[in-house]
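Chemist: generate a structure from the sequence data that follows.
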Amino acid sequence: MKLLNSIIFSILILLNIAYAQISATAEIDRNEIRIGEPIELKLKLQLPNDALKNQIKWPIFKDTITQKIEIIDTSKIDYSKASVIEQKLRISVYDSGQFVLPPIKFVNAKDTTQYAITNTLIIIVHTVPTDSSETSVKDIKPIFEEPFDIKWYMPLIIKILIGVLIVALIIYFLYRYFKKKPKKEEQDKPKLPPHIVALEKLQKIQQEELWKQGKIKEYYSDVADTIREYIEGRYKVPALEQTSQETLQALKFHAIDKASREKLKYILNLSDLVKFAKFLPIESDHQNILQSAIDFVNETKLETISQNASTTNQVNPS
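Modeler: Numbers count the residues shown, from 1 in each chain. Predicted structure coming up:
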């Protein structure tokens, strides 16, 4: 019996020694403040080993610690240090006098009989002293003249400059518009037939020889666009707004011989390959596409159709 009592007593002593190694402290950065002035409360729990970190039940605070001591904000619980748990709270008191911050209890969740408590703290709160000089009647202060600062005027200056720039641009574009506006005589001037305009452009393209300057894409684009403009003027088909396939499809309803259709198809397809597929044509293609364009205009121009019709009427009079 004595042996059993000795064993139990020894176990209790060991438990007390182990528990004694757990200590809780509370610290404040100062214990005298004015009403409403915030102070920092630091809670620290020292453990014998890290294994106990998950067993400690940390107290949960809401808005107050006591009726008079209020919590402004709370930091996260810091488990980063070995065998130490910490938390910081910003607290304040909104009444004057002396206030007790009571011990805060930390309980072992697995054994609620084991716990640690912090030390008691005293907070002394002073009222804000009244300065009689602040409430006394004083003379009216003279008008304060603010020194000139260009930075204060910069937003206004920038707005004025932007406004002037916008007005200048409007005047400039209006001037350009009315300057380039064709005169009435020019508007009344009859337009040249589409085939003449097209042939003049093709002749200019032939003289420039852009492919020799390495501007192959520009050369093929100029040839194809000239033919598209001719088709719009000659057949009233919006070729400039259509794809090559759409243009060829629209021209099926117009009287164009097979040879001319093949030339047009060759011009549009080859120019598309150069512009969109980065196709590099050979030297002969440069001359062939231009000649095909000239031939297509000459073979489909309105005058040629009219002359053929006139010749047919002479041969087969009605």
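Chemist: per-domain residue ranges of the chain.
Modeler: Using automatic domain parsing, the domain parsing of the chain gives 2-128, 151-186, 194-304.
Chemist: pick the most deeply packed of the ones you listed.
Modeler: Highest mean neighbour count among the domains of the chain (mean count of other Cβ atoms under 10 Å): domain 194-304, with a mean of 16. Where you see a C-beta, it was placed from the backbone N, CA and C, and this is true even at glycine.
Chemist: any chance of the domains of the chain in a markdown table, plus mean pLDDT and distance to E145?
Modeler: Rendered in a markdown table, the data for the domains of the chain read as follows (pLDDT from 0 to 100; distance: least, Cβ to Cβ, whole Å):
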| stretch | mean pLDDT | distance to E145 |
| --- | --- | --- |
| domain 2-128 | 82 | 34 |
| domain 151-186 | 82 | 14 |
| domain 194-304 | 89 | 67 |
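Chemist: in this structure K68 contacts V93, no?
Modeler: Yes: if you go by Cβ atoms under 8 Å, K68 and V93 touch, sitting 5.6 Å apart.
Chemist: which residues do those two both contact?
Modeler: Common neighbours of K68 and V93, using Cβ atoms under 8 Å, 6 or more residues apart in numbering, are F99.
Chemist: on that earlier part again, can I get the domains of the chain in CSV with distance to I140?
Modeler: Putting these into CSV (distance: least, Cβ to Cβ, whole Å) gives the following:
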stretch, distance to I140
domain 2-128, 27
domain 151-186, 26
domain 194-304, 77
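Chemist: find the nearest non-adjacent residue to L89, please.
Modeler: L41 (4.5 Å; Cβ to Cβ, 6 or more residues apart in numbering).
Chemist: what's the distance between that neighbour and K263?
Modeler: Remark: distance between L41 and K263 (Cβ to Cβ, to the nearest Å) = 94 Å.
Chemist: do the same with Q203
Modeler: In this structure, Q203 and K263 are 18 Å apart, going by Cβ to Cβ.
Chemist: could you do K215 as well?
Modeler: The gap separating K215 from K263 is 23 Å, by Cβ to Cβ.
Chemist: ok, T64 - contacts?
Modeler: T64 makes contacts with 70-71, as judged by Cβ under 8 Å, 6+ apart.
Chemist: coming back round to it: strand partners of the strand or helix carrying the residue nearest to L89, parallel vs antiparallel please.
Modeler: The secondary structure element spanning L41 is strand 39-46 (assigned by DSSP states H and E). Here the strand partners of strand 39-46, with direction, are listed using DSSP bridges: strand 23-28 (antiparallel), strand 84-93 (antiparallel).
Chemist: for T113, find the nearest of these.
Modeler: For the strands paired with strand 39-46, proximity to T113 was assessed by Cβ to Cβ; strand 23-28 is nearest, at 15.9 Å.
Chemist: who touches the closest one?
Modeler: Contacts with strand 23-28, where a contact means Cβ under 8 Å, 6+ apart, come from 39-46, 91, 101, 103-104, 106, 116-119, 121, 123.
Chemist: ditto for stretch 269-276
Modeler: Residues from elsewhere that reach stretch 269-276, judged by Cβ under 8 Å, 6+ apart: 216-217, 220-221, 223-224, 244, 279-281, 285, 289.
Chemist: residue boundaries of the helices in the stretch 151-300 of the chain?
Modeler: Defined through DSSP state H, counting those that start in this stretch, the helices belonging to the stretch 151-300 of the chain, from first to last, are 184-188, 194-208, 216-235, 244-250, 258-276, 283-300.
Chemist: hang on, the earlier thing: tell me the one of the contacts of stretch 269-276 nearest R34?
Modeler: When the contacts of stretch 269-276 are compared against R34 (criterion: Cβ to Cβ), the nearest one is K217, at 80.4 Å.
Chemist: now do the residue nearest to K88 when sequence neighbours are not counted against L47, distance only.
Modeler: Of all residues not flanking K88 in the chain, S75 sits nearest, at 4.4 Å (Cβ to Cβ, 6+ apart). Counting by Cβ to Cβ, the gap from S75 to L47 is 19 Å.
Chemist: L264 now?
Modeler: Distance from L264 to L47, counting by Cβ to Cβ: 91 Å.
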